[in-house]
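Trainee: I need the structure of the sequence given here:
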Amino acid sequence: MAKMKTRKSAAKRFKKTGTGKFKYKSQGTRHILTKKSAKRKRKLRHTAVISKAEVPRLRKLLPYM
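Mentor: Have a look, this model is predicted:
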């Protein structure tokens, strides 16, 4: 049987934690930052965890993670 391919776009965006959850960096931190408040930018700095409902879909995209 052929090997399954990893979706590289997903592999670049998500990392797996030690407990098996997936974490990602918040969007909206690259450009057009002048109109965003300091509070909003501060909250965007941190990583977030994918919801439980999205995990099965991510497992298909990242079969070897």
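
Trainee: Show the end-to-end separation of stretch 19-32, please.
Mentor: 35 Å (Cα to Cα, to the nearest Å).

Trainee: mind listing the strands for this protein?
Mentor: Secondary structure of the chain (DSSP state E): strands located at 14-16, 22-25, 47-49.

Trainee: nearest to residue 56, of the ones you listed?
Mentor: Proximity to residue 56 (Cβ to Cβ) singles out strand 22-25 among those, at 11.1 Å. The way it works is simple: take the backbone N, C-alpha and C, and place the C-beta from them, glycine included.

Trainee: ok, and what's touching that closest one?
Mentor: Residues outside strand 22-25 that contact it (Cβ atoms under 8 Å, 6 or more residues apart in numbering): 13, 14, 15, 16, 17, 47, 48, 49, 50, 54, 55, 58.

Trainee: and it, which strands flank it?
Mentor: strand 14-16 (antiparallel), strand 47-49 (antiparallel) (DSSP bridges).

Trainee: chain center to that strand, what's the gap?
Mentor: 3 Å (Cα atoms, centre = their mean, to the nearest Å).

Trainee: For it, buried residues please.
Mentor: residue 22 (16 or more other Cβ atoms under 10 Å).

Trainee: State the mean pLDDT of it.
Mentor: For strand 22-25, mean pLDDT is 96.

Trainee: Sounds good, over and out.
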